[in-house]
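Undergrad: how would this look folded up:
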Amino acid sequence: MSESTEQDRHTSVPRLTVTQDNDFFFTAAKEGRLEIQRCADCQTLRHPPAPACPACRSFEWDTVESTRQCTLHSFTVLHHPKDPAFEYPLAVGLVDLEEGTRLVADIAGIDHDELEFGMELEVAFSEHAHGEILPQLRRRSAAGLDGEAQS
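TA: This next block holds a predicted model:
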């Protein structure tokens, strides 16, 4: 049995559903970039990606690349139910991106007792349950962003 299939048997995490409206996001993540969907008509940013703009209902959109700099808006620390795809306790954060929209992602490399609303974070990338590369939040580095996927 392949390693991927073995891991799939031991997790309840669903595989990503990639569509024409979110393919850009997952492709950019594999390249270490965070792309945000933007309405081509009214310039409203939106995440998660969607077919239509929630502000003006336009179906026309493009993307902008994020600086990946963000501020912790809220967070929770999960203890149960446990899935073998994750390490527990698992911190999940809601961040305000510099560009003006929000993102939800796991928080890594920060002791849960150190998490504070308003703390400066950055978006990195990490391999998840089925080998997909997804955003992950970490302490903002003084040296800047490296753009590489993190394990």
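
Undergrad: counting by contacts, list what the strand ranked longest in the chain packs against.
TA: Ordering each strand of the chain by length in residues (DSSP state E) puts strand 69-78 first. With contacts defined as 3 or more C-beta pairs under 8 Å, 6 or more residues apart in numbering; DSSP states H and E, the packing partners of strand 69-78 are strand 90-97, strand 102-107, strand 120-127. Quick note: C-beta positions are derived from backbone N, CA and C, even for glycine.

Undergrad: mind jotting down where the strands sit in the protein?
TA: 35-39, 45-46, 61-65, 69-78, 90-97, 102-107, 120-127, 133-139, 149-150.

Undergrad: other residues contacting the second one?
TA: Read it as strand 45-46. Ile36, Gln37, Arg38, Cys39, Cys53, Pro54, Val64, Glu99, Gly100, Thr101 (C-beta atoms under 8 Å, 6 or more residues apart in numbering).

Undergrad: could you list which residues are in contact with the last one?
TA: Going by C-beta under 8 Å, 6+ apart, Thr101 touches Ile36, Leu45, Arg46, His47.

Undergrad: mind putting those residues in TSV, neighbour count included?
TA: Converted to TSV, the contacts of Thr101 look like this (neighbours: other C-beta atoms under 10 Å):
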residue	neighbour count
Ile36	20
Leu45	18
Arg46	16
His47	19
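
Undergrad: looking at strand pairing, list the partners for Val95.
TA: Per DSSP bridges, the residues bridged to Val95 are Leu72, Leu103.

Undergrad: neighbours of it, just the number please.
TA: 25 (other C-beta atoms under 10 Å).

Undergrad: surely it and Leu115 touch.
TA: No. Contact criterion C-beta atoms under 8 Å: Val95 and Leu115 do not qualify, at 11.5 Å.
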